[in-house]
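Enquirer: all I have is the shape, not the residue letters:
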């Protein structure tokens with residue numbers, strides 16, 4: 001009986017035999033891509049979180065300037081003038097410009113890492129055994 005089951009095995013994987021070397025190699029490539037993608041994804045998340053934190057800092061600064069400017073209409077509200085003066089100190093402005101530059105650099109790095117992640121995931125999908133690709137396509141097809 002075992003011999004009959006073994007004879008029914010095709011060149012790919014069936015329930016009665018181990019995967020062929022080709023399928024095994026494809027599975028290893030898929031697992032490798034997944035292992036590669038995980039730290040890249042974590043890096044993308046970290047960079048995006050840092051970018052978001054810096055953007056909040058810039059938004060808060062701009063909001064403070066807006067609030068101070070709301071006190072300035074036809075007449076100059078002395079407290080608004082003092083607040084604007086504090087906000088626009090050279091060192092504070094330079095600090096915010098540095099934060100904006102850092103945010104820009106982080107956003108670019110985040111986009112580059114996201115692109116790297118996408119490429120890695122595509123390589124993993126491309127290295128999947130045909131049976132996996134077919135099952136995935138079948139599960140994602142929509143019947144009218």
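Expert: Structure received. This is a predicted model, so every value here is computed, not measured.

Enquirer: same for the top helix by length along the chain, what does it pack against?
Expert: In the chain, assigned by DSSP state H, the helix with the most residues is helix 21-70. Helices and strands touching helix 21-70, by 3 or more Cβ pairs under 8 Å, 6 or more residues apart in numbering; DSSP states H and E, are helix 78-87, helix 90-126. For glycine as for every other residue, the C-beta is placed from the backbone atoms N, C-alpha and C.

Enquirer: which regions of this structure lie under the pLDDT threshold?
Expert: Within the chain, the stretches with pLDDT under 70 are 1-23, 71-77, 80, 90, 142-144.

Enquirer: and the helices and strands packed on helix 21-70 as a markdown table, adding distance to residue 135?
Expert: What follows is the helices and strands packed on helix 21-70, written out as a markdown table (distance: least, Cβ to Cβ, whole Å):
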| stretch | distance to residue 135 |
| --- | --- |
| helix 78-87 | 59 |
| helix 90-126 | 13 |
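
Enquirer: would a markdown table of these with mean neighbour count and distance to residue 69 be doable?
Expert: Shown next, in a markdown table, are the helices and strands packed on helix 21-70 (neighbours: other Cβ atoms under 10 Å; distance: least, Cβ to Cβ, whole Å):
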| stretch | mean neighbour count | distance to residue 69 |
| --- | --- | --- |
| helix 78-87 | 14 | 7 |
| helix 90-126 | 14 | 15 |
